[in-house]
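Asker: With the sequence up front, the predicted model follows.
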Amino acid sequence: MSSNGAATHKFNPNFTQAVINATGPNVSPRVRKITASFIRHLHDFARENEITVDEWMAGVELMNEAGRMSDDKRNEGQLVSDIFGLETLVDEITYKLASDAQDEPTATAILGPFWRKDAPLKAMGDTIVSGIESKDRTWMHGTVTDFTTGKPVEGAVLDVWHTAPNGLYEQQDPNQPDMNLRGRFTTGKNGKYDFYCLRPVPYPIPFDGPAGKLLQALDRHPYRPAHIHFILTAPGYKPIVTQIFDRSSKYIDDDAVFAVKDSLLVDFKPCQGDPKADFELPYDFKMATYEDAKKHSVVGSTEASGSAI
Ligand code: BEZ
Ligand code: FE
């Protein structure tokens, strides 16, 4: 529609509003608002591009195939969404802070489809690596602090996961033990944490299904730069879903799912004097209380969090 209400296209000018008006009375304001907006954008997209029945059916088949391939170890719908940058965009929308924030909590990054709940609870200084010989053994350590007071956060749980050197998460790889390269570590009074992991490698997101077909159609590669995933939770604090990225990794400027942020780039340093580590990775996390997070957030509902936490 133009500003005077006249249709700016050659198709039925009343159709979109009729579809929106079909929504019944017993619908929450939020669902009413976002479905009306979705219908409007979807119809505009179809009209603007004059989508044909064959093109629409190709899209439907892609969604159906994504559904058929998905199970508790594989989330093809999420992969397709990631390729279009949608998980990274909703992550930004959900967690963006007002620009006047003095200091900032650790930035968020997408969860991705490979998190598993109930990773093994480990003691500080333990390793998450099982049955892998490597020259990339890494000692990661740091402190979890409150971003406004700078005080250590006690009882913060770091849930960590990354791929094996073959680029596969354990649930993708029958040759890895269950829950390999995953662990949960709980800070004590001083907020400190440390554990052993591996320096991660770049790896391709699964590309043997609809996500792969899409990447091919868009002339894109499937690789993510080397990264380690985290979920941080602590009593009274807003959870943080994030990743840290090896600054020197291939694909650091060309992540297939657009998740890299400058503040999440890290440097692995050669480690001397620890027979269990080839590299050292110091990294501090900063958390915000729910109250502080609300104060600095640009969106209304800061207590809404992802399904993982
Ligand atoms: C991941 O980093 O685990 C990931 C993120 C998005 C798509 C595929 C994998
Ligand atoms: Fe990953």
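Answerer: Cool, got the structure. Ligands and ions are numbered 1, 2, ... in the order given.
Asker: now the spatially most central residue of the chain: how far from residue 132?
Answerer: Nearest to the geometric centre of the chain sits residue 110, at 1.3 Å (C-alpha atoms, centre = their mean). Note on residue 110: its distance to residue 132, by C-beta to C-beta, to the nearest Å, is 26 Å. Any C-beta I mention is one placed from the backbone N, CA and C, and that applies to glycine too.
Asker: before we move on, back to that, report the contact partners of the residue nearest to the centre of the chain.
Answerer: Shown in contact with residue 110 (C-beta atoms under 8 Å, 6 or more residues apart in numbering): 82, 87, 88, 91, 241, 243, 257, 259.
Asker: what helix or strand is it on?
Answerer: Following DSSP states H and E, there is no helix or strand that holds residue 110.
Asker: End to end on stretch 161-171, go ahead and measure it.
Answerer: 12 Å (C-alpha to C-alpha, to the nearest Å).
Asker: Give me the contact list for it.
Answerer: Everything outside stretch 161-171 that qualifies as a contact, by C-beta under 8 Å, 6+ apart, is 73, 114-116, 119, 128, 132, 134, 136, 173, 176-182, 197-198, 200-204, 227-229.
Asker: Going along the chain, name the strands of the stretch 101-250 of the chain.
Answerer: 121-122, 137-146, 157-161, 182-186, 192-198, 203-204, 223-224, 227-234, 237-246 (DSSP state E, counting those that start in this stretch).
Asker: In CSV: those, plus distance to ligand 1, mean pLDDT and mean neighbour count.
Answerer: Below are the strands of the stretch 101-250 of the chain laid out as CSV (distance: least, C-beta to the nearest ligand atom, whole Å; pLDDT from 0 to 100; neighbours: other C-beta atoms under 10 Å):
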stretch, distance to ligand 1, mean pLDDT, mean neighbour count
strand 121-122, 21, 98, 15
strand 137-146, 17, 98, 20
strand 157-161, 8, 98, 22
strand 182-186, 12, 98, 20
strand 192-198, 15, 98, 20
strand 203-204, 8, 98, 20
strand 223-224, 5, 98, 24
strand 227-234, 6, 98, 23
strand 237-246, 7, 97, 23
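Asker: could you redo the ones you listed as CSV and give each row distance to residue 66?
Answerer: Shown next, in CSV, are the strands of the stretch 101-250 of the chain (distance: least, C-beta to C-beta, whole Å):
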stretch, distance to residue 66
strand 121-122, 34
strand 137-146, 35
strand 157-161, 23
strand 182-186, 25
strand 192-198, 31
strand 203-204, 17
strand 223-224, 19
strand 227-234, 22
strand 237-246, 23
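Asker: and of these, who's closest to residue 277?
Answerer: Within the strands of the stretch 101-250 of the chain, the stretch nearest residue 277 is strand 137-146; the backing value is 3.9 Å (C-beta to C-beta).
Asker: what about the closest residue to ligand 1 within the stretch 51-200 of the chain, how many neighbours?
Answerer: Closest to ligand 1 within the stretch 51-200 of the chain is residue 112: 2.9 Å, counting by C-beta to the nearest ligand atom. If you count neighbours by other C-beta atoms under 10 Å, residue 112 ends up with 21.
Asker: ok, it touching residue 229?
Answerer: Yes. Shown here, residue 112 and residue 229 form a contact pair, counting by C-beta atoms under 8 Å, at 6.7 Å.
Asker: okay, and the common contacts of these two?
Answerer: Shared contacts of residue 112 and residue 229 (C-beta under 8 Å, 6+ apart): residue 243.
Asker: which parts of the lengthiest helix in the chain are buried?
Answerer: Longest helix of the chain, by residue count under DSSP state H: helix 29-49. Buried positions in helix 29-49, judged by neighbour count with 16 or more other C-beta atoms under 10 Å: 36, 39, 43, 47.
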